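> model this:
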Amino acid sequence: MSRAPWVLAIIAAATPAAAEPWHATVEAGAEIDSNVRRIEIRPGGAAPEAAPLVRAQGELSRRAARGPLRAVVRGLVGARTVVAGAVDGEDVLTAAIDAAAERDAGDRLAVIARATHYDVVPLGDVGASRAFASSGADLGLRLDGDAGRRATVTAGLRRLRYKPDVDFDWVGPVAAIAVGDELWRGADEASLELRGAYRVERRGYRGRAYADGCAPGEPRTAACVVPTDEARADLYHTVAVDLTYTGERVLAATYQLIGNDSSSFGSSFVRHRLTLAATTPAPGRLFVTASVTGQYDRYLDPLLVASDVAAQGFESIDDDNRSSVSVRVARALSACWQLEARAAFYADAFSADDRRFRRLLIYAGLTWERARDGE
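Next up, the predicted model:
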């Protein structure tokens, strides 16, 4: 693992505590995973394996302000391990660091900077198939307008290292623009906000691009995929629109359109993803959050290459990029302690081939949370 995030974390922890608020969270619990290897069900293929796991995660953040300069540093460490069954390669550690700063450059203009690193480290001799490290750095401007309007423009560089196969390592520039507008605010402080964003990345891969080696009209099989002497390069676009109502309940709808234009045969696709979510108080001092995500993928070539890897966003170890239904129930036990339970079901609801994906997660755990302002 790179030492850079730990250096930043040490610097953040050593910052004088005068007037710097901090926030800490620790979570631990047990989980049942019906498809711990994330296997696609296909004729003659391996069957999914269920396994019990334990997971724990801790996060610490600090904020600082010195005149027109504001900064925040967040650090995260987590672990997940299988506690029964002969399942190798699924025990991992995760570590992340996120450092952001902004400086006022006028009444409504601010210069912003951010650096991030996320690392998944396999435990044991068998490497986890989803082990990766992702880093990024961005600079940009934010403009604050009237009535809750805001616009942000950023540009930077991102790098991904996929540990099981270096051919999927990539690095490239990224640019993004995001706008937000508060459409309505009621007398009871309820509000309706609309946000939109566009992001484009040019991903230069370490591996070679593939070409279609079969004749026109010939059935496409794996034999059609032939390597070339050119490095693979993708242009990855993301458009997102988000509408959020905040009141006694929080209701949100998010639509994402993702397009990948790849120089490698079988790796170009268009993805539509719609998520509806709601958070509401419930009897017994419970808070319930429910979400439904529908996703439809259309691959632009007649043959998909390395589908298990091509469809992954590598944002976290739980990002399956599938349609899903999830429910989270939480209850505060005290000012610092909270009990929560989560259930999520993932499926490829719109698959057009003979492969199927099903995965059920059930989790229960305790969360400790505390915030403190500096003196």
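> And the helix or strand hosting Leu160, what does it pack against?
Using DSSP states H and E, the element containing Leu160 is strand 150-162. Helices and strands touching strand 150-162, by 3 or more Cβ pairs under 8 Å, 6 or more residues apart in numbering; DSSP states H and E, are strand 109-122, strand 132-144, strand 170-185. Any C-beta I mention is one placed from the backbone N, CA and C, and that applies to glycine too.
> Contacts for the shortest one, please.
Contacts with strand 132-144, where a contact means Cβ atoms under 8 Å, 6 or more residues apart in numbering, come from 1-2, 4, 102, 105, 108-120, 150-163, 174, 176, 314-315.
> CA-only coordinates of it in PDB, if you can.
C-alpha atoms of strand 132-144 as PDB (Å, rounded to 0.1, in the frame of the first residue of the first chain):
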ATOM      1  CA  PHE A 132      -7.400  -2.200  -6.000                       C
ATOM      2  CA  ALA A 133      -6.000   1.200  -5.200                       C
ATOM      3  CA  SER A 134      -7.500   4.400  -6.500                       C
ATOM      4  CA  SER A 135      -6.000   7.900  -6.100                       C
ATOM      5  CA  GLY A 136      -7.000  11.300  -7.400                       C
ATOM      6  CA  ALA A 137      -6.200  15.000  -7.100                       C
ATOM      7  CA  ASP A 138      -8.300  18.000  -8.300                       C
ATOM      8  CA  LEU A 139      -8.200  21.800  -8.400                       C
ATOM      9  CA  GLY A 140     -11.200  24.000  -9.200                       C
ATOM     10  CA  LEU A 141     -13.400  26.900  -8.600                       C
ATOM     11  CA  ARG A 142     -16.800  27.200  -6.800                       C
ATOM     12  CA  LEU A 143     -19.200  30.100  -7.400                       C
ATOM     13  CA  ASP A 144     -22.000  30.800  -5.000                       C
END
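> What residues sit buried inside it?
132-136, 138, 140, 142 (16 or more other Cβ atoms under 10 Å).
> Strands along the stretch 251-375 of the chain, start to end?
Ranges of strands in the stretch 251-375 of the chain, per DSSP state E, counting those that start in this stretch, are 269-282, 286-299, 323-332, 337-347, 358-372.
> Starting from the shortest one, tell me which strands it pairs with and how they run.
Spelled out, it's strand 323-332. strand 286-299 (antiparallel), strand 337-347 (antiparallel) (DSSP bridges).
> The first one: which residues count as buried?
Residues 289, 291, 293, 295, 297, 299 are the ones in strand 286-299 that count as buried (16+ other Cβ under 10 Å).
> Bridged to the residue nearest to the last one when sequence neighbours are not counted, which residues?
Spatial nearest neighbour of Tyr299, excluding adjacent residues (Cβ to Cβ, 6 or more residues apart in numbering): Phe269 at 4.7 Å. Assessed by DSSP bridges, Phe269 has beta-bridge partners Asn260, Tyr299.
> circling back to that earlier point, which of the buried residues of strand 286-299 lies closest to Asp261?
Set against Asp261, the nearest of these by Cβ to Cβ is Tyr299 (12.3 Å).
> residues touching that closest one, list them.
Each residue near Tyr299 by Cβ under 8 Å, 6+ apart is listed here: 266, 268-269.
> From these, list just the buried residues.
When those are checked for burial by 16+ other Cβ under 10 Å, the buried set is 266, 268-269.
> Export the residues you listed as a markdown table, with columns for pLDDT and distance to Ala187.
Below are the buried ones among the contacts of Tyr299 laid out as a markdown table (pLDDT from 0 to 100; distance: Cβ to Cβ, whole Å):
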| residue | pLDDT | distance to Ala187 |
| --- | --- | --- |
| Gly266 | 82 | 56 |
| Ser268 | 90 | 50 |
| Phe269 | 89 | 46 |
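> Redo the residues you listed as CSV? Include distance to Asn260.
CSV is the format used below for these (distance: Cβ to Cβ, whole Å):
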residue, distance to Asn260
Gly266, 11
Ser268, 6
Phe269, 5
